[in-house]
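A.B. asks: Task: produce atomic coordinates for the following.
(2 chains)
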Amino acid sequence: MAEQVDEGAGLLRRHRRSRWNSLPYTLVLLIVAYLAVFILFPIAQQFLTSFSNNVVGVDKVQWVGLRNYERLFEDDDFWFSVQVTFTYMAFVVVGAVSLGLLSALLLNRKFRGRNVARSAIAVPWAFPEISAVLVFLWMCNPTFGVMNVFARLIPGIEQNLNWLSDPKLAMPLVIALSIWKAFPFTFLVILAALQAVPRELYEAADVDGATRMQQLRYITIPEITPTLMLMAVLMSIFSFKQFTLIWLTTGGGPYGGITETLVLRIYQTAFRFFDLAYGATLGVSGFVIVLGLTLLFVYAQQRQDRARRR
Amino acid sequence: MNAGAHLRHRLRRFGAGMAFYALIIGFCGVVLFPVYWMIVNAIQPLSHGMQYPPPMIPEEISFLPFTTLFENYPVGRWLVNSLLLATMTTLIVLALAVLGSFAMTFLKWRGKAAFGLLLLMTQMLPEALVVIPVYAMYRNLGLSDSLPTLSLVDAAFILPICIWVLKNSFDSIAEEIYEAALIDGCSPLGALVRTLLPLSAPGLVAVSVVAFFYAWNEYLFAVTLINSPDIRPVAVGLASLKVMLDTPIDRVLAAALFFSIFPVIFYLLIQRYIVAGLSAGAVKG
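C.D. replies: I've put the predicted structure just below:
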């Protein structure tokens, strides 16, 4: 018996030492090469382009050093779009995480029809962005939109609103649409985290006579804080990347880019103004933000891991 | 008096229960309202939707939006294109994700953390940030305006998430099972195909659904890289309906409804695996 085990272990060791040693590197190289073509190479090219004067139609593409970056720092429109980006991100992150948390708390108790309610809340997450945009546009139609019916229930509103063309309403509406699309995901993950909180903690608290609110404050919230942080980071990535929901509803408008986030601005600069060099420069600034978010994600992830192992 | 107190207690509990249900139903109602509104406007005659205030409950059901949609717009064509695009993307992603998460979970090698970081960065990169150079590259190589080459880009962008999801499913398989297969004389790849893959069927299904519907829903790359109307995927076709102001809204929403049914059904069926994979998807080196 012992010999057999020894033999098995020997085989295993030989396997590991043999020609299969290079297998992991071959596999990973394959994937890295694939990603290089579509991710790394384009990024490198953007980086190079940002030092040139490449505009569609220009006679001779030349290196211009840091000129695009000088322009970037003096470009009020760029800083405005950064401000729009972070405003949009802040509202979507806070909105999606807190709504996800509230609905997860609500559905964390046992009741009849819980699975139905859970699936119902998950629907927007599964819903394609384009379809969400199309029905949202129709709901916000100034003439026939059903949003007018709801708005008119509020005292003081007697006329149909302009919704997406209204500079005061455009941003809140786009944020609301994004939260609607995003919060079901945080809901599902937070609900899973809530169900993983050890039951003994609550039982002990019951014995000690802790109220529901105290249990929430001193047990539930501390236990799921790492998950909440992770969700906040994931939501900031979701909102930073977001193109379709904004582009197809407001297109960055109305008036001077009130909802024009950085991604939209990059797209516009390259595909509407054909200024490839400056578009690339904006892209590099976006890439810097992506790097920052990646580090944040790693940090949040490690915290969650540590909490889980504890 | 005792009985009265008991009754009062039960009444209060009943009332709290009712309030709780009312809250749940109200909340779900608000969340689902846009979906409801899409369905209502896609199955009632156009004249009902085009009045103010619109009726909250359809007064008349009509399938005209659907029939006219399929008669007047190449929706069937778009659906076939999306089906092809999404299937190709899924196959590419499945092959690469299986190999990638296998290397991440069962093989020992240097540089796992760096590889994880590369995947993570890819996952966070906005599509709009690389769409310009990818467009330029495709134009120079004559690769644009084709569904297979579009599926290559889509696959690259959804691959990282799929590797995390599949890794999570591999993680739940005991290492001993893999080692037992090696001892029985399997090569590492043989062990992967014969023992690991059959054990991670739910993970494979989840990855397929994620990859399939990423390509199905994806808009930015599709609208940039595809020019010919003949090979438009549904996402681009639908968005073009929005741009053509003359498209009656009932048809637009009927198309949107048709487009949404499949992802909603499949996502709800496999949500458990995706949630587990995405929330656990870590950079564990």
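
A.B. asks: which residues of the chain score low on pLDDT?
C.D. replies: Went with chain A since none was named. A:1-20, A:308-310 (pLDDT under 70).

A.B. asks: oops, chain B please
C.D. replies: For chain B (pLDDT under 70), the answer is B:1-2, B:243-246, B:277-285.

A.B. asks: the domain parsing of it - what is it?
C.D. replies: Split into domains by automatic domain parsing, chain B comes to B:2-62, B:73-280.

A.B. asks: so which of these comes closest to chain A?
C.D. replies: Each of the domains of chain B was checked against chain A via Cβ to the nearest Cβ, and the shortest separation belongs to domain B:73-280, namely 3.3 Å. (C-beta placed from N, C-alpha, C; glycine too.)

A.B. asks: Measure how far the closest one is from the centre of its chain, please.
C.D. replies: 9 Å (Cα atoms, centre = their mean, to the nearest Å).

A.B. asks: would you list the domains of chain B in TSV and tack on mean neighbour count and distance to A:Gly145?
C.D. replies: Putting the domains of chain B into TSV (neighbours: other Cβ atoms under 10 Å in any protein chain shown; distance: least, Cβ to Cβ, whole Å) gives the following:
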stretch	mean neighbour count	distance to A:Gly145
domain B:2-62	14	8
domain B:73-280	20	10
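
A.B. asks: Pipe these into JSON lines and attach distance to A:Leu262 per row.
C.D. replies: Output for those, formatted as JSON lines (distance: least, Cβ to Cβ, whole Å):
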{"stretch": "domain B:2-62", "distance to A:Leu262": "27"}
{"stretch": "domain B:73-280", "distance to A:Leu262": "8"}
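
A.B. asks: So which of those domains is nearest A:Ala277?
C.D. replies: In terms of Cβ to Cβ, the element of the domains of chain B nearest to A:Ala277 is domain B:73-280, at 10.7 Å.

A.B. asks: Geometrically speaking, which residue is the centre of the chain?
C.D. replies: Because you didn't say which chain, this covers chain A. Among the residues of chain A, the one closest to the centroid is A:Phe238, at 1.2 Å (Cα atoms, centre = their mean).

A.B. asks: not quite, I wanted chain B
C.D. replies: For chain B, by Cα atoms, centre = their mean, the most central residue is B:Phe213; offset 3.8 Å.

A.B. asks: That one: what's its closest spatial neighbour, skipping adjacent residues?
C.D. replies: Excluding its sequence neighbours, the residue lying closest to B:Phe213 (Cβ to Cβ, 6 or more residues apart in numbering or on different chains) is B:Pro263, at 4.5 Å.

A.B. asks: do B:Leu46 as well
C.D. replies: The spatial neighbour of B:Leu46 that comes closest, neighbours along the chain excluded (Cβ to Cβ, 6+ apart), is B:Asp250 at 4.6 Å.

A.B. asks: Relative to A:Thr143, how far out is the one you found?
C.D. replies: B:Asp250 sits 15 Å away from A:Thr143, taking Cβ to Cβ, to the nearest Å as the criterion.

A.B. asks: Equivalent analysis for A:Trp79, please.
C.D. replies: When Cβ to Cβ is applied, the distance between A:Trp79 and A:Thr143 equals 37 Å.

A.B. asks: Give me the more crowded residue out of these two.
C.D. replies: With other Cβ atoms under 10 Å in any protein chain shown as the criterion, A:Trp79 and A:Thr143 differ in neighbour count, and A:Trp79 comes out ahead with 12 against 9.

A.B. asks: Which strand or helix spans that one?
C.D. replies: Element membership of A:Trp79, judged by DSSP states H and E, is helix A:76-106.

A.B. asks: Mind checking if that helix is in reach of chain B?
C.D. replies: Yes: using Cβ under 8 Å from any Cβ of the partner chain as the criterion, contacts between helix A:76-106 and chain B involve A:Ser103, A:Leu106.

A.B. asks: which other helices and strands contact that helix?
C.D. replies: Packed against helix A:76-106, as judged by 3 or more Cβ pairs under 8 Å, 6 or more residues apart in numbering or on different chains; DSSP states H and E, are the following elements: helix A:170-195, helix A:221-241, helix A:262-271, helix A:276-309, helix B:2-43.

A.B. asks: Any part of whichever helix or strand comes after that helix near chain B?
C.D. replies: Using DSSP H and E, the helix or strand that follows helix A:76-106 towards the C-terminus is helix A:114-126. Yes: part of helix A:114-126 sits near chain B under the criterion Cβ under 8 Å from any Cβ, namely A:Ala117, A:Ser119, A:Ala120, A:Ile121, A:Ala122, A:Val123, A:Pro124, A:Trp125, A:Ala126.

A.B. asks: Next secondary structure after helix A:114-126?
C.D. replies: helix A:129-139.

A.B. asks: For the stretch 51-200 of chain B, which segments count as helices?
C.D. replies: Chain-ordered helices for the stretch 51-200 of chain B, with DSSP state H, counting those that start in this stretch as the definition, fall at B:64-72, B:75-106, B:112-124, B:127-141, B:147-171, B:175-183, B:188-191, B:197-199.

A.B. asks: Ok, which of those comes nearest A:Tyr267?
C.D. replies: Closest of the helices of the stretch 51-200 of chain B to A:Tyr267 is helix B:127-141, at 5.0 Å (criterion: Cβ to Cβ).

A.B. asks: For A:Phe111, which non-adjacent residue is closest in space?
C.D. replies: Nearest residue to A:Phe111 in three dimensions, chain neighbours excluded: B:Phe20, at 7.1 Å (Cβ to Cβ, 6+ apart).

A.B. asks: swap that for A:Leu66, please
C.D. replies: Using Cβ to Cβ, 6+ apart and skipping the chain neighbours, the partner closest in space to A:Leu66 is A:Phe51 (7.4 Å).

A.B. asks: Would you mind measuring from that neighbour to B:Val209?
C.D. replies: Computed as Cβ to Cβ, the A:Phe51 to B:Val209 distance reads 42 Å.
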